[in-house]
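*Asks:* I would like the atomic coordinates for the input below:
(2 chains)
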Amino acid sequence: MKGEVYRVAGPVVTITGIKPKMYDVVHVGHEGLMGEVIRIEGAKATVQVYEDTSGIKPGEPVMNTGMSLSVELGPGLLESIYDGIQRPLKVLQEKMGDFIERGVTANGLDREKVWEFKPTVSGGDSVKGGETIGIVQETENIEHKIMVPPNVSGTVDEIRSGKFKVDETVCILTDGTEISLMQKWPVRKPRPVSSKFIPRRPLITGQRILDGLFPVAKGGTAAIPGPFGSGKTVTQQQLAKWSDTDIVVYIGCGERGNEMADVLNEFPELQDPKTGRPLMERTVLIANTSNMPVAAREASVYTGITIAEYYRDMGYDVSLMADSSSRWAEAMREISSRLEEMPGEEGYPAYLSARLSEFYERAGAVKSLSGEEGSITVIGAVSPPGGDFSEPVTQNTLRIVKVFWALDAKLAQRRHFPSINWLTSYSLYTQGLSDWFAENVAPDWVPLRDNAMDLLQQESELQEIVQLVGSDALPEDQQLILEICRMIREYFLQQNAFHPVDTYCPFDKQYKLLKAISKYSDMAQAALESGIPMKDILALESKDELAKVKFEEEFDSALNVVLDKMDKEFAALGGN
Amino acid sequence: MTKEYKTIIEISGPLVFLEKTEPVGYGELVHINLPDGTSKRGQVLDTSADIVAVQVFEGTGGLNEEAGVVFAGETIKLPVARDMLGRILSGSGEPLDGGPRIVPEDRVDVNGASMNPYSRKPPEDFIQTGISTIDGTNTLVRGQKLPIFSGSGLPHNEIALQIARQAKVPGSTEDFAVVFAAMGITNEEAQYFMEDFEKTGALERAVVFLNLADDPAVERIITPRMALTAAEYLAYEHDMHVLVILTDITNYCEALRQMGAAREEVPGRRGYPGYMYTDLASLYERAGVIKGRKGSVTQFSILTMPGDDITHPIPDLSGYITEGQIVVSRELHRKGIYPPINVLPSLSRLMNSGIGDGKTRDDHKAVSDQMYAGYAEGRDLRGLVAIVGKEALSERDQRILEFADLFEDRFVRQGRDEDRSIEETLSVAWEILSEIPESLLTRIDNKYINKYHPAHKSN
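*Replies:* Numbering: from 1, shown residues only, chains lettered A, B, ... in the order given. Predicted coordinates:
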């Protein structure tokens, strides 16, 4: 069916002459620009176009595909770099050079590449939606399970093995349904699961303040809001690099081109600490930078989460980073304003809250249709205007997510990185994960951590007094608390993302570091009580040396040297 | 023969509405011929089978229903050539210097296309500006977009000029050029820039686009796009390293708001259009380096923060797009310190990829971090001293307090023509760091202390 363009105003195009369904994908104009139907009004329909509409005239033809915006799911997703509507950037570069022109289509998955398929079912087996029928080794460590599409079931009539391209049939059911290595799924519709459960395992990120104080569970949701320059992107990238999940989906949504270039440059070179393989082998990147079309930005988070769901269905732990969800919300606002919809708070559409919660709700620890346990952890960066957390995107996000890592410009200015504020951040998973920590880290980890948090809380109260009277006016035991807290902040919480050793801190090391600080604290307290002057306790060399052990490659031995010295120094102080 | 339409039905602010046209393309260039023989230019903002809306760059003064409208059948294009260097053009690309029209080597769509992130090369070539607070603590690299956030009455123009004069990549002799775009600045300010360009001979390496305060505001929307188009052409077709100075982004945003209001759009924060982020991104993101091509586009925009408020939508949205910001401080300016750059809220996101061994020096990052930490603490202590007096501070705190003063006086302060090399900048840094006890230098690895600390170096 053919229609025609009636009106063009920026990325919003009104068409007539065809009767599409909501969210159908249409091709607009002689160049066939891709767009999506977002409103139907009598004989006219409104389309958001994913490409620049300059030069499009009323009367140009419009083609309806009759399908909603979908992604291609199959082997070859990993190591890919896509734009917001799953066009591989590498292919776009080959087709049109260094600048993105329009009207170019490109398949999400490479149609030429051949994969070795090993069936795991045989003729006569009955299969249902989500069940695995065979395996493709996608990268060295990831077995890609070829699953029956969720809405299909039946009895296997024929199953093949050998080498196939993604669109070749590998299995035929008795009712004639053909299954290939690839399936398509509409991005705005969550993939079904059999059940969801409460997440009980932490996502280990190797970042001390995150793992130690404010952990997120595998299958949980977290938000990182912060003003510009407070380190959102670095934190997101650290998570993408070091999270102990099987698959990472990283969405650069409306962010800087040079930053994406940096990620594209760095990820293939970095090693996964768990497997020793390049990080890129477990990563899918979606890059829709701020100057790429706004409608594709709106779609990019859905593209990302659908890919994440697909790997979750295979039983993998997936983490998804969206940088930044505010840009996504702004894309919604921009399109809503072009549609002349009645605005809600600060010009955002009234459905902002619903869209955000729908998105975050696609995270979770689940039992898939075939009974596999998988999870999606969603970590969304939020860029509140002026760093003001009371704005609508931050507030609506906080109502949904369970973990809040509050970035603080003040901390960033004094180069305290990661500049996550330990007083305002929170994690609702700390209780639920306690058992896991006691079992897998150390039985005394939880009290150790709670004690540190308690001290930091006391510090903030003491600081108020210090602001008025100076620190010398405090009693000695309180001065000691201030010193211990300084150690916690500088030795433990501060972590250098650009230091080869410090960038990733295993849990065992986190525990030992905090334990060492606590040891100094206990010994200092005892010494103070036995009458040793404060300044002697503060002057111990081992205390200052503790500052640098986290940078040592041979951490354990370096730490032991310092701890031994600490014992000796305290002994030398005497007291009783 | 292109048709001339005399079907204007409404004129409102900078907008003209026409009916009964043949199909007109979105974004097309429009010529409007006035009865008195003059002509204006505009662009299609909204097109439908019934009504076409055109935004007129030179303002709608003198227009009425009699005017004839011609659609050019293409989007706005800038004629580009290497010979643009040394020329002064209007905000919409017409020669202002009395010279001949530019003989185009090519005509390029001013909106530019977005660069494929896959084609970008991560910027990493250190640019030495000769200003310590930039080179030392907020390093600029080729392909970066680093704006100056300033306020009314602060010497941002002088800083921008000093950078334009001094910027170089140490040890490199490649072709460079400056593209300067003035948006709504006063004639006096423009003269100041031009005089300096002429005096230093920079003009022959520069392309200047001037939209002054009394030029139509709508033209401002097209001026930076013209400038960036010229810059991209010189960078990617003629292998030059181009420094683009856009001033003042605030005037540009005001023009954007004016247009939005004229079109009766739903306003976003403080009346600025909801798409301002995307619009600004379409300017700022045109900085970069492309794999396999020699040239680069580096952007150094100037933005005056209304009321010195960094949370105002213009600096706020800019900060989320640009790779950092250089913040000019009224407090330092009042103290008589030039350049009054406050390093604490300043930031260069690409600094880490442009510094270190083989680029600047191995101790660069550690030294910079240490100075930041020390200066931040020192400034906090100043607040405390105001309440409790200096005597109440511990010995350690007093040293930190002194460090903050030294930092402003020795590291920040420098002459308007003082071009410090990175080595000089780092030695000043070590000199002032040596004034605080070594045990407080927790951010610096011992090996650098042994190598560079004045107390150890001499041994």
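
*Asks:* what's residue A:32 sitting at in phi/psi?
*Replies:* Residue A:32 has phi and psi values of phi 70, psi 50 when expressed as degrees, to the nearest 10.

*Asks:* What is the three-state secondary structure of the closest residue to it other than its chain neighbours?
*Replies:* The spatially closest residue to residue A:32, leaving aside those adjacent along the chain, is residue A:103, at 5.7 Å (Cβ to Cβ, 6 or more residues apart in numbering or on different chains). C-beta here means a position set from N, CA and C on the backbone, and glycine is covered the same way. Three-state call for residue A:103 (DSSP: H, G, I helix; E, B strand; the rest coil): coil.

*Asks:* swap in residue A:7?
*Replies:* From three-state DSSP, the assignment for residue A:7 is strand.

*Asks:* Thought residue A:49 was touching the residue nearest to residue A:32, still the case?
*Replies:* No. Contact between residue A:103 and residue A:49 fails when scored by Cβ atoms under 8 Å: they sit 10.9 Å apart.

*Asks:* give me phi/psi at residue B:55?
*Replies:* Per degrees, to the nearest 10, the backbone of residue B:55 is at phi -100, psi 130.

*Asks:* likewise residue A:547?
*Replies:* The phi/psi pair for residue A:547 (degrees, to the nearest 10) is phi -60, psi -30.

*Asks:* What's the nearest residue in chain B when you look at chain A?
*Replies:* residue B:311 (2.9 Å; Cβ to the nearest Cβ).

*Asks:* related to what we said a few turns ago, distance of the residue nearest to residue A:32 relative to residue B:28?
*Replies:* In this structure, residue A:103 and residue B:28 are 18 Å apart, going by Cβ to Cβ, to the nearest Å.

*Asks:* Comparing those two, which residue is more hemmed in?
*Replies:* It is residue B:28, of residue A:103 and residue B:28, that has more neighbours when counted by other Cβ atoms under 10 Å in any protein chain shown, with 21 against 15.

*Asks:* so who does that one touch?
*Replies:* For residue B:28, the contact set (Cβ atoms under 8 Å, 6 or more residues apart in numbering or on different chains) comprises A:55, B:43-44, B:47, B:71-75.

*Asks:* The stretch 301-450 of chain A against chain B: which residues are in contact?
*Replies:* Proximity of the stretch 301-450 of chain A to chain B (Cβ under 8 Å from any Cβ of the partner chain) is limited to residues A:327, A:330-331, A:333-334, A:337, A:340, A:343, A:346-347, A:383, A:385-388, A:409, A:412-416.

*Asks:* Now that we have these, which of them are buried?
*Replies:* Among these, those classed as buried by 16 or more other Cβ atoms under 10 Å in any protein chain shown are A:327, A:330-331, A:333-334, A:337, A:343, A:347, A:383, A:385-387, A:409, A:412-416.

*Asks:* how near is residue A:369 to residue A:177?
*Replies:* Residue A:369 is 16 Å from residue A:177, by Cβ to Cβ.

*Asks:* buried residues in stretch B:127-143?
*Replies:* So stretch B:127-143, judged by 16+ other Cβ under 10 Å, has buried residues B:127-143.

*Asks:* Intersect those residues with the contacts of chain A.
*Replies:* residue B:143.

*Asks:* Tell me which of the buried residues of stretch B:127-143 fall in helices.
*Replies:* B:132-135 (DSSP state H).

*Asks:* show me where the stretch 101-250 of chain B has strands.
*Replies:* B:106-109, B:114-115, B:126-127, B:140-141, B:148-150, B:176-185, B:206-212, B:241-247 (DSSP state E, counting those that start in this stretch).

*Asks:* by how many degrees do the longest one and strand B:241-247 diverge?
*Replies:* Following axes from the mean of the first three to the mean of the last three Cα atoms, to 10 degrees, one obtains 10 degrees for the angle between strand B:176-185 and strand B:241-247.

*Asks:* Could you check how far strand B:176-185 is from the centre of its chain?
*Replies:* 9 Å (Cα atoms, centre = their mean, to the nearest Å).

*Asks:* The third one too?
*Replies:* Using Cα atoms, centre = their mean, the distance from the centre of strand B:126-127 to the centre of the chain it belongs to is 16 Å.

*Asks:* any idea of the mean pLDDT in it?
*Replies:* In this model, strand B:126-127 has a mean pLDDT of 92.

*Asks:* Tally up the residues packed near the spatially closest residue to residue B:312 that is not a sequence neighbour, please.
*Replies:* Excluding the flanking residues, the one nearest residue B:312 by Cβ to Cβ, 6+ apart is residue B:306, at 5.2 Å. A count of nearby residues for residue B:306, using other Cβ under 10 Å, gives 16.

*Asks:* what do you get for the one 4 residues further on?
*Replies:* As a burial measure, the neighbour count of residue B:310 was computed by other Cβ under 10 Å and equals 20.

*Asks:* same check, this time on residue A:2
*Replies:* A total of 9 residues lie near residue A:2 under the criterion other Cβ under 10 Å.

*Asks:* Could you pull up the contacting residues of the nearest residue to residue A:314 once chain neighbours are set aside?
*Replies:* The shortest distance from residue A:314 to any non-neighbouring residue, by Cβ to Cβ, 6+ apart, is to residue A:145 (4.2 Å). By Cβ under 8 Å, 6+ apart, the contact list for residue A:145 reads A:132, A:134-135, A:314-315.

*Asks:* Find the helix or strand that residue A:145 is a member of.
*Replies:* strand A:143-147 (DSSP states H and E).

*Asks:* For that strand, the averaged confidence score.
*Replies:* Throughout strand A:143-147, pLDDT has a mean value of 96.

*Asks:* Kindly report the same for stretch A:311-327.
*Replies:* Stretch A:311-327 shows a mean pLDDT of 94 in the predicted model.
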